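> Predicted coordinates and the sequence they were generated for:
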There are 4 protein chains.
Amino acid sequence: MTQHNFVVRNPDFAQDIARSFGRQGALKTVSAVLLDIQPGLCRLSLPISESVSQHHGYVHGGIVGMIGDVAGGYAAMSLFEPGREILTIEYKINFLAPALGVTLQATGKVVRPGRSIAVTTVELVAFDAARAGRTIALLQQTCMPG
Amino acid sequence: MTQHNFVVRNPDFAQDIARSFGRQGALKTVSAVLLDIQPGLCRLSLPISESVSQHHGYVHGGIVGMIGDVAGGYAAMSLFEPGREILTIEYKINFLAPALGVTLQATGKVVRPGRSIAVTTVELVAFDAARAGRTIALLQQTCMPG
Amino acid sequence: MTQHNFVVRNPDFAQDIARSFGRQGALKTVSAVLLDIQPGLCRLSLPISESVSQHHGYVHGGIVGMIGDVAGGYAAMSLFEPGREILTIEYKINFLAPALGVTLQATGKVVRPGRSIAVTTVELVAFDAARAGRTIALLQQTCMPG
Amino acid sequence: MTQHNFVVRNPDFAQDIARSFGRQGALKTVSAVLLDIQPGLCRLSLPISESVSQHHGYVHGGIVGMIGDVAGGYAAMSLFEPGREILTIEYKINFLAPALGVTLQATGKVVRPGRSIAVTTVELVAFDAARAGRTIALLQQTCMPG
């Protein structure tokens, strides 16, 4: 993959993203936590509990998709100009293994920074009690400044 | 689109799907309701509230994706053999307009029934207080019996 | 699906699309033909021959994707302003059945017209010698004026 | 990403893939070349010429998708049992930059090996005359043994 030297246009991107994150009711509902935000990268964490599960006790695929969508979107937003939010245009997610464990972590990375269209990939990893991780989904996303 | 005369292999598909739906914690968390289930079709409804919203008051894209994923999956499950659940292999969703209103409705339809691989499309429509609807997202999904 | 009354911004869209089509070397290579162009709709046809086949004699999935991409893109371009070409941002295609027969037809329809972002769906149908058709693939695409 | 120690079930996978590649008319039509095949990895190359171009002289997006689909598919096939071919279930491709240059290279990697369902990601890089490469597309694909 081509290495990027990302241009940061908003010096306050980290605070702006933390503030935006805090205003999202859906993220509170599922108890998601913002772990890390850097230029072109965002990492989130979700405690795995019954309230986000499906019938087998795995995290519901739709919740996995939501967490992945958010991680990719904030990775993109870190490179936007000040005052812009994210609009997700579309995403596609493949489920590779059941999301079983104690924590689900989503790491979004920008693969195409852009003023109008940004593209990200997101890897979703489930960690068990012994902190062993397994990639359980991959997401590819397109978004734009809103 | 080629018309399908769907083969129903599980005479109790409607009850089995209602039971499966009731066991999904994530669906309870967002207060989703099963509206209709027929061979090759499933319709769900979600009340739009702050707990499923993002910062602008729209339904969060990830929740839209979750509801769409579920509608497509149960549409596919209606044609599976008895005793099989759904595994989503992947889905892709395009967001067409903000999910604003009082209710979000997802209608999943099977476009490729299959014993091993099923493909569905799902249309997501937001209804306002006057019951006027607007298509806000389209999802294309692959799933299999689990 | 919400019905659209499409706004045509380029009165010469049909000629402009025919001219654009004729300049594409890749479409000549596979002998694709433009069948129909209307506001928000484009239909293409491809003769099925060994030069577009894979090892089983079916049309190669990549060629199916190419024809679908083109049909969706020109459907979108019919609603663009004069002088704009299409840039495909992304597409996703599901293969439903082998592309066997004498002709492959792709029908692209705009589901979200937009000045900046357009979304289309494309249905690909293979016709046999008796002119019976079978849907063999579905594509969902995002594009923009270029 | 979780590291895989891929299990090779077909000791003749490299020859079988080379033979399969040679039988594909569509790949001959575009002059694609098989560069490298290893367990879980396939790399292809395509000379950029007018016959695969669109109106701006870039490689047509559909051809980019075809080459990507093939690279991902053979990466998956390297881990299948003897005698199995690839069926692509679906793929999704994002176009990141115009495919300009002298050669297009596609590198497919398996991210989920599986007897029934395999998932791959493919990176497409365009090289100019000075052999400088630029990632121009990313593809995420699901396939199965056929």
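That came in fine, so what should we check first?
> after the lowest-mean-pLDDT helix or strand in chain A, next one along is what?
Ranking every helix and strand in chain A by mean pLDDT, DSSP states H and E puts helix A:25-29 at the bottom, with a mean of 82. The helix or strand immediately downstream of helix A:25-29 is strand A:33-38, counting by DSSP states H and E.
> chain center to the helix or strand hosting residue A:120: distance?
Assigned by DSSP H and E, residue A:120 falls within strand A:118-127. Computed by CA atoms, centre = their mean, to the nearest Å, the separation of strand A:118-127 from the middle of its chain amounts to 6 Å.
> and the angle from that strand to strand D:118-127?
Comparing the axes of strand A:118-127 and strand D:118-127 via axes from the mean of the first three to the mean of the last three CA atoms, to 10 degrees yields an angle of 140 degrees.
> How far off centre is the least confident helix or strand of chain A?
Remark: helix A:25-29 is offset 14 Å from the chain centroid, using CA atoms, centre = their mean.
> now check it, is it near chain B?
Yes: using CB under 8 Å from any CB of the partner chain, helix A:25-29 reaches chain B at A:25, A:26, A:27, A:28, A:29. For the C-beta atoms, the positions are set from N, CA and C on the backbone; glycine is no exception.
> Return the set of buried residues in the following helix or strand past the strand holding residue A:120.
Using DSSP H and E, the helix or strand that follows strand A:118-127 in sequence is strand A:133-145. Residues of strand A:133-145 classed as buried: A:134, A:135, A:136, A:137, A:138, A:139, A:140, A:141, A:142, A:143, A:144, A:145 (neighbour count, 16 or more other CB atoms under 10 Å in any protein chain shown).
> if you look at strand A:133-145, does any of it touch chain D?
Yes: contact of strand A:133-145 with chain D (CB under 8 Å from any CB) involves A:133, A:134, A:135, A:138, A:140, A:142.
> Can you pull the residues of chain A lying near chain B?
Contacts of chain A with chain B, taken as CB under 8 Å from any CB, map to A:20, A:23-30, A:50-56, A:59-63, A:65-70, A:85, A:87-95.
> Buried among these? Need that as a selection in PyMOL.
This is the PyMOL syntax for the buried subset of the residues of chain A next to chain B, where burial follows 16+ other CB under 10 Å:
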select buried, chain A and resi 20+24+25+26+27+29+30+51+52+53+54+55+59+60+61+62+63+65+66+67+68+69+70+85+87+88+89+90+91+92+93+94+95
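> Okay, and which of the residues of chain A next to chain B map to helices?
Residues of the residues of chain A next to chain B located in helices (DSSP state H): A:20, A:25-29, A:61-63, A:65-70.
> which two in those are spaced the farthest apart?
By the measure CB to CB, A:20 and A:61 form the most distant pair in these, at 24.6 Å.
> Now do the nearest residue to residue A:8 once chain neighbours are set aside against residue A:74, distance only.
Once flanking residues are discounted, residue A:8 sits nearest to residue A:39: 5.0 Å by CB to CB, 6 or more residues apart in numbering or on different chains. From residue A:39 across to residue A:74, the span is 12 Å (CB to CB, to the nearest Å).
> Neighbour count for those two, which is higher?
It is residue A:74, of residue A:39 and residue A:74, that has more neighbours when counted by other CB atoms under 10 Å in any protein chain shown, with 27 against 18.
> does the more buried one really touch residue A:37, like I thought?
Yes: using CB atoms under 8 Å, residue A:74 is in contact with residue A:37, at 6.4 Å.
> overlap in contacts of the two?
Both residue A:74 and residue A:37 are in contact with residue A:17, where contact means CB atoms under 8 Å, 6 or more residues apart in numbering or on different chains.
> tell me which element residue A:109 falls in.
strand A:103-112.
> what about that strand and chain C, touching?
No: in terms of CB under 8 Å from any CB, no part of strand A:103-112 sits within range of chain C; the closest distance is 9.9 Å.
> How about stretch A:84-97 and chain C, touching?
Yes: using CB under 8 Å from any CB, we find that stretch A:84-97 touches chain C at A:89, A:90, A:92.
> From those, pick the one nearest chain D.
Nearest to chain D among those, counting by CB to the nearest CB, is residue A:92 at 4.3 Å.
> Name whatever forms a beta bridge with the nearest residue to the closest one once chain neighbours are set aside.
With sequence-adjacent residues excluded and distances taken as CB to CB, 6+ apart, residue A:92 is closest to residue B:92, at 3.8 Å. Beta-bridge pairing for residue B:92 (DSSP bridges): residue A:92, residue B:140.
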